[in-house]
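[1] What follows is a protein structure lacking sequence information:
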């Protein structure tokens, strides 16, 4: 029997992510249901924060997912459906539409999953994006390749991050890749490659307004790390950095244009080395991966997953969401593939270290300080040590592990 006014949240997890949402939702008084894949049974979910768990072979197969969730709600009401992974965003939107629940709908969710939809919407709204074309009509493709100088990026429209992206240097390479893709080619786009530095802004949106946002700068573009190997690194920008102000403005415009009314977002931008302008790269209606959750919390004191949980509960109760206070410290994150099964970071003893990653064949840590100079000093020092102590290189994946 449910307590009076208790909110029930159904969380979808195709991968082991978002555990802080489960904990935050439970601490905020919600009833928490987890729907995940059979293969994830043995993952260390925070079971004390999960009221019931349900398993399926996959969460993306329709109509199986509709049947399963519709059967579930026969015996208990569900107030909110929340995706814990990027691959669950569209499934969650579809289920909301099916059950007529509040939240991101199918049409809007495309702006946060489909890289072609993102670019078309941004361009139509006057926001800067690299030159691109859909991979539909061959005459349009030929025209694009004649007008826009290579190299280009052949990008899958719905993979996460840098996964599956191919750098191509001439039209012959493009046609060869399209031959290999066959019927799958319409699920790709072709985009101009712009050299420059890549940034990300991590946000909370409440009632159509960005109420919290933190700008960061990657050490190297994520695509370079994914395809060439190396240490993944990112840090918070100085509050008085002109780039920080420009990014926050761009981020507000973009999320308003894309129609995210409530929730968390991770959005990436590129600053061109040629013209110095910021260009939109991609966005997601969820908390950033690769331990960005811990990075943001170390600098701001705010856990994005837990705040998202509080926000959803406040919306169900039609109560004001208390906007969190940013302590405005600085933090940096380093992660790399490791040669060791479980790398030993015990020799990294600086007091500024606030998080150590415990993940098979990965080394990672977060350092934090009121001083940006100290964070930058530690990141520079650790990046060299990581390369010597741990770094392994593996070929990039075209798709996530099944």
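    The structure has been received and is ready for your questions. Bear in mind the structure is a predicted one, so any value in this text is a computation, not a measurement.

[2] any chance you could map the helices in the chain?
    Read by DSSP state H, the chain holds these helices, from start to end of the chain: 19-27, 64-75, 89-99, 106-109, 115-124, 138-147, 171-181, 222-228, 242-258, 292-300, 304-317, 372-389.

[3] could you say what helices and strands the fifth one packs with?
    Here helix 115-124 is seen to pack against strand 132-134, strand 188-192, helix 242-258, strand 278-284 when contacts are counted using 3 or more CB pairs under 8 Å, 6 or more residues apart in numbering; DSSP states H and E. (Each C-beta comes from the backbone N, C-alpha and C, glycine too.)

[4] which other residues reach it?
    For helix 115-124, the external contacting residues (CB atoms under 8 Å, 6 or more residues apart in numbering) are 110-112, 128-129, 132, 134, 155-158, 189, 191, 254, 257-258, 280, 282-283.

[5] domains of the chain?
    With automatic domain parsing as the criterion, the domains of the chain are listed as 8-103, 131-192, 196-389.

[6] Save those domains as JSON lines, and put in mean neighbour count, mean pLDDT and distance to residue 118 too.
    Output for the domains of the chain, formatted as JSON lines (neighbours: other CB atoms under 10 Å; pLDDT from 0 to 100; distance: least, CB to CB, whole Å):
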{"stretch": "domain 8-103", "mean neighbour count": "18", "mean pLDDT": "96", "distance to residue 118": "12"}
{"stretch": "domain 131-192", "mean neighbour count": "16", "mean pLDDT": "94", "distance to residue 118": "9"}
{"stretch": "domain 196-389", "mean neighbour count": "19", "mean pLDDT": "95", "distance to residue 118": "6"}
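
[7] Let me have the ones you listed in JSON lines, adding distance to residue 396 as columns.
    Supplementary listing: the domains of the chain in JSON lines, determined by distance: least, CB to CB, whole Å:
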{"stretch": "domain 8-103", "distance to residue 396": "17"}
{"stretch": "domain 131-192", "distance to residue 396": "7"}
{"stretch": "domain 196-389", "distance to residue 396": "5"}
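
[8] Ok, which of those comes nearest residue 395?
    Closest of the domains of the chain to residue 395 is domain 196-389, at 8.8 Å (criterion: CB to CB).

[9] Can you give me the first-to-last residue distance of that closest one?
    Start and end residues of domain 196-389 are separated by 29 Å (CA to CA, to the nearest Å).

[10] So what's the gap between that domain and the chain middle?
    10 Å (CA atoms, centre = their mean, to the nearest Å).

[11] Quick check: the gap between the residue nearest to the spatial centre of the chain and residue 343.
    With distances taken as CA atoms, centre = their mean, the residue of the chain nearest its centroid is residue 288 (3.5 Å). According to CB to CB, to the nearest Å, residue 288 and residue 343 sit 22 Å apart.

[12] And for residue 42?
    In this view, residue 42 and residue 343 are 22 Å apart by CB to CB.

[13] cool, and residue 175?
    As for residue 175, its distance to residue 343 is 43 Å (criterion: CB to CB).

[14] Please apply the same query to residue 377.
    From residue 377 over to residue 343 the distance is 22 Å, taken as CB to CB.

[15] now do residue 58
    Taking CB to CB as the measure, residue 58 and residue 343 are separated by 32 Å.

[16] what do you get for residue 130?
    The span separating residue 130 from residue 343 equals 36 Å under the rule CB to CB.

[17] Over to residue 363?
    For residue 363, the distance to residue 343 under the criterion CB to CB works out to 4 Å.

[18] overlap in contacts of these two?
    In terms of CB under 8 Å, 6+ apart, residue 363 and residue 343 are both contacted by the residues 389, 390.

[19] In contact with the closest residue to residue 272 other than its chain neighbours, which residues are there?
    Take residue 272 and drop its neighbours on the chain: the residue closest to it by CB to CB, 6 or more residues apart in numbering is residue 196, 4.5 Å away. Applying CB under 8 Å, 6+ apart, one finds that residue 196 lies in contact with 270, 271, 272, 273, 274, 279.
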